[in-house]
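1. sequence first, then the predicted structure:
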Amino acid sequence: MTLATTPQPPYFAVIFTSLRTNIQDGYDDMSIQLVELAKTQPGYISIESARDASGMGITVSYWESEEAILNWKQQATHVFAQQKGKEEWYKQYHVRVCKVERAYSF
């Protein structure tokens, strides 16, 4: 895994934090499919993700605009995954959408 590459600000970040259930039923395959699908969406920049042994995870996806984020949220496969997540895969989750105004790195 590598850290996400992003352009000079401004751009947008969607921060998805979650606590997993013990139900695996297709989760790993859907996760891989969603990342690959997101990469094809207009306005997609990059993604980075981590999950610990307790099931707590953070995924941050980066987008050029709020419009691109809304289009991704409404993409059919993503909508299906959101529903499956609510019904089976997650105990709890939060989604936060932010505008990145400043960024620096080492």
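-> Great, that's in hand.

2. in the lengthiest helix in the chain, what counts as buried?
-> Longest helix in the chain, counting residues (DSSP state H): helix 27-38. Judged by neighbour count using 16 or more other CB atoms under 10 Å, the buried positions of helix 27-38 are 27, 30-31, 34, 37-38. Heads up, the C-betas are built off the backbone N, CA and C, glycines and all.

3. what are the contacting residues of it?
-> The contact list for helix 27-38 (CB atoms under 8 Å, 6 or more residues apart in numbering) reads 20, 44, 47, 61, 72, 75, 77-78, 81, 84, 89.

4. ditto for stretch 54-65
-> The set of residues external to stretch 54-65 that reach it, using CB under 8 Å, 6+ apart, is 4, 6, 11-21, 38, 43-51, 69, 72, 91, 100.

5. list the buried residues in that stretch.
-> Neighbour counts over stretch 54-65 (16+ other CB under 10 Å) mark 57, 59-63 as buried.

6. so how far is that stretch off the chain centroid?
-> 4 Å (CA atoms, centre = their mean, to the nearest Å).

7. equivalent analysis for stretch 55-69, please.
-> Its chain's C-alpha centre and that of stretch 55-69 lie 4 Å apart, by CA atoms, centre = their mean.
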